[in-house]
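Participant: can you look at this prediction? I've put the sequence above it.
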Amino acid sequence: MKRVLMSLAVAAAMVPAAALACGDEMKADTQIKKVTVAEVAKDKKAKVVDANGSDFRVKNGTVPGAVLLTSSSSYDLKELPAAKDTSLVFYCANTMCSASEAAAKRAAQAGYTNVAVMPEGLMGWKAAGQKTAPVKPNS
């Protein structure tokens, strides 16, 4: 019985620490909105950010004017606009891809305050009849 009580006490003591450890991560997640292709197509002020890999871009193109990240999870923050209040919309391939979420999370954790993800990605963009821009190899 003493062992059970000790185990419960230890577990209870760990809960606040675990909750605090997740605090920043959860805070960043709550700052990330989900937006539709139609919303992104209408929003001329948002900076669209492509989290796809270069091979995918060469084959499928990009949203015109998109910032092309060098990596979805470890890109240099200098690749993003300097103003932390810039409206950023991250996208990747489609709803099955999580690269845009990883990239958006990195931006939010770095202090960007207006971060969104377009879950439909480039495939949803194309399916909605939106234009794409071609990308040359090594771009």
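Facilitator: Nice, I can see it. Numbers count the residues shown, from 1 in each chain.
Participant: what about the residue nearest to residue 79 when sequence neighbours are not counted, distance to residue 99?
Facilitator: The shortest distance from residue 79 to any residue other than its chain neighbours is 5.8 Å, reached at residue 69 (Cβ to Cβ, 6 or more residues apart in numbering). Any C-beta I mention is one placed from the backbone N, CA and C, and that applies to glycine too. Plainly put, residue 69 is 9 Å away from residue 99 if you go by Cβ to Cβ, to the nearest Å.
Participant: same check on residue 79?
Facilitator: 14 Å.
Participant: these two: which has the busier surroundings?
Facilitator: Neighbours per residue, other Cβ atoms under 10 Å: of residue 79 and residue 99, the larger number sits with residue 99, 21 against 14.
Participant: what sits against that one?
Facilitator: For residue 99, the set of contacting residues under the criterion of Cβ atoms under 8 Å, 6 or more residues apart in numbering consists of 51, 52, 53, 72, 73, 92, 93.
Participant: show the pLDDT at it.
Facilitator: With respect to pLDDT, residue 99 scores 97.
Participant: now do the shared contacts for residue 69 and residue 99.
Facilitator: The contact sets of residue 69 and residue 99 overlap at residue 51 (Cβ under 8 Å, 6+ apart).
Participant: any idea whether the most centrally placed residue in the chain is helix, strand or coil?
Facilitator: A centroid search over the chain (Cα atoms, centre = their mean) returns residue 104, at 2.5 Å, as the residue closest to the centre. When the structure is reduced to helix, strand and coil (DSSP: H, G, I helix; E, B strand; the rest coil), residue 104 reads as helix.
Participant: once you drop chain neighbours, what's closest to it?
Facilitator: Ranked by Cβ to Cβ, 6+ apart and with sequence neighbours excluded, the top spatial neighbour of residue 104 is residue 90, at 4.2 Å.
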